[in-house]
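[1] got a sequence here, can you model it:
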Amino acid sequence: MPRWLLWSWVLLASVAGADDGPPRQEVRYPAMESAQDQRDSYPLALLQLALDKSSDEFGDYELTPAPDHATATRALMELRPGGSLDVLWTMTTAEREAMARPIRIPIHKGLLGYRLLVVRSEDAPWFAAANDLTPLRTVLAGLGHDWPDREIFDANQLPALPVGNYEALFYMLQQGRFDYLSRGMLEAWAELDHRRELDLKVADRLLLYFRVANYFFVDPSDERLAQRIELGLEQALADGSFDELFYNYPEHQQAFALTRAAERQLLQLDNPLLPTMPVERPELWYYPERQPLPAP
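    This is a model prediction of the structure:
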């Protein structure tokens, strides 16, 4: 069985250890928002890989979902002694890095910043005809109310309507409450697959881009977990298992095949929220518009 398939199936795992070893480390992570919300399946598989890789140094572990979903802002506040979470993954900003400790290894190799436009099928030709940001400044995007995207869109004069519920975004688009959704290229195709009852599609030709990274974040006082996750990710990068999981994850393979980034019109946005990022390490990033996929 391919390792990526095992990682994606086994989301609650522990590493077998000696009876007299250290106590099993519980690692609590955010609950998904809904049964259709699969945005967290790959980060969770990558977290498991990192914990597996660091098990010799840090011992057994158990991944435990939080009982309730929380927005990213509220989840960050739970990364504290006595809080309900030990780790989460989210888009980094300077403000978020002041609240919690980031593990500065981009989970998605920067691909969250490549944005496809999800639109009503009837509007797809209009969006496909755009050659710059000017037409997009005349229509309205739908965004999560606590997504950092809001400030990025504001900085680029792109009007947006904040919405409190992720699932509602797709139905509000269908109902005409706004004109498009900006979704990561690794997200959009799978999201539409799970909502086939809606007459929505990915607009042809366009691909927005802004520099960004998703990181794992932990409580700043939890040095042991921070070291464990960082060590595990570095080991996975060194032995190739990080890239094996990333490039072979089924939703990612689908996204690479359907997006065809090199054939799209890339429209770049400024990101005023950027903290310092590890751009000097090319192995941490992937630029699909100019880099071929690694050989399987």
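
[2] tell me where the stretch 101-250 of the chain has helices.
    124-128, 149-155, 166-174, 188-193, 223-239, 241-248, 250-259 (DSSP state H, counting those that start in this stretch).

[3] could you dump these to a markdown table with mean pLDDT?
    Shown next, in a markdown table, are the helices of the stretch 101-250 of the chain (pLDDT from 0 to 100):
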| stretch | mean pLDDT |
| --- | --- |
| helix 124-128 | 96 |
| helix 149-155 | 95 |
| helix 166-174 | 95 |
| helix 188-193 | 94 |
| helix 223-239 | 98 |
| helix 241-248 | 98 |
| helix 250-259 | 96 |
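
[4] could I get these in JSON lines, plus columns for mean neighbour count?
    C-beta coordinates here come from the backbone N, C-alpha and C atoms, glycine included. Output for the helices of the stretch 101-250 of the chain, formatted as JSON lines (neighbours: other Cβ atoms under 10 Å):
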{"stretch": "helix 124-128", "mean neighbour count": "16"}
{"stretch": "helix 149-155", "mean neighbour count": "18"}
{"stretch": "helix 166-174", "mean neighbour count": "17"}
{"stretch": "helix 188-193", "mean neighbour count": "20"}
{"stretch": "helix 223-239", "mean neighbour count": "18"}
{"stretch": "helix 241-248", "mean neighbour count": "19"}
{"stretch": "helix 250-259", "mean neighbour count": "16"}
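
[5] compare those helices and give me the one nearest residue 284.
    Among the helices of the stretch 101-250 of the chain, the nearest to residue 284 by Cβ to Cβ is helix 223-239 (7.8 Å).

[6] what's in contact with that closest one?
    25, 27, 46-47, 49-54, 57-58, 86-87, 101, 103, 105, 216, 218-219, 242-243, 245, 283-284 (Cβ atoms under 8 Å, 6 or more residues apart in numbering).

[7] returning to that earlier point: which one of the helices of the stretch 101-250 of the chain lies nearest to residue 117?
    helix 124-128 (5.6 Å).

[8] quick one: that closest one to chain centroid distance?
    In terms of Cα atoms, centre = their mean, to the nearest Å, the centre of helix 124-128 is found 26 Å from the chain centre.
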